[in-house]
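Colleague: predicted structure and sequence below. I'll ask about it afterward.
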Amino acid sequence: MLVFSRIGKVAAASVATTLFNFFEIDFLLFTGVAGAVHPELNIGHIMIGSKLYQHDIDAGPLFPKFHIPLTGRDHFVAHEEFLKCAESCINDFIKELEHHLESAIIAEFFAEPPKLLRGTIATGAPFIML
């Protein structure tokens, strides 16, 4: 099943809740489009989040900044088996893309060929302009 959640974490959470409650899904893979602050990331790269922080949460003075109330944590860690599965699928996709597109076309639309990176993702409601 493929769905579009609209923009923002509230919309994504609403669609995820609907999927789990009414369609009895077992697994949810969320993808999105984002900017980057890491110098190795470039247009067309694909980042898999091994950790996720919510950069704009601040439930102070009751909790420290970045603490997600009632969870006992300040970040989420992805399951290694899901990360490996995603990496395998993405590497296959990149190989297929390179097989079907000439290097001149890739160079025109991407600053460099797409590649897969694994790292920390920060999410939040505001759009950040650097």
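Modeller: Noted; the coordinates are in hand.
Colleague: shaky segments in this structure?
Modeller: 110-111, 127-130 (pLDDT under 70).
Colleague: make sure residue 119 is indeed in a strand.
Modeller: Yes - checked against DSSP: H, G, I helix; E, B strand; the rest coil, residue 119 lies within a strand.
Colleague: so it touches residue 47, yeah?
Modeller: Yes - counting by Cβ atoms under 8 Å, residue 119 does reach residue 47; the two are 6.2 Å apart. Quick note: C-beta positions are derived from backbone N, CA and C, even for glycine.
Colleague: who's more crowded, those two?
Modeller: residue 47 (18 against 13; other Cβ atoms under 10 Å).
Colleague: for the more buried one, which non-adjacent residue is closest in space?
Modeller: Among residues not flanking residue 47 along the chain, residue 117 sits closest, at 5.1 Å (Cβ to Cβ, 6 or more residues apart in numbering).
Colleague: now for that neighbour: which residues touch it?
Modeller: Residues near residue 117 by Cβ atoms under 8 Å, 6 or more residues apart in numbering: 38, 40, 41, 45, 46, 47, 48.
Colleague: beta-bridge partners for residue 53, please?
Modeller: For residue 53, the beta-bridge partners are residue 122 (DSSP bridges).
Colleague: what is the burial count for it?
Modeller: Neighbours of residue 53 under the rule other Cβ under 10 Å: 17.
Colleague: tell me the contacts of it?
Modeller: Taking Cβ under 8 Å, 6+ apart as the test, what residue 53 contacts is 66, 74, 75, 120, 121, 122, 123.
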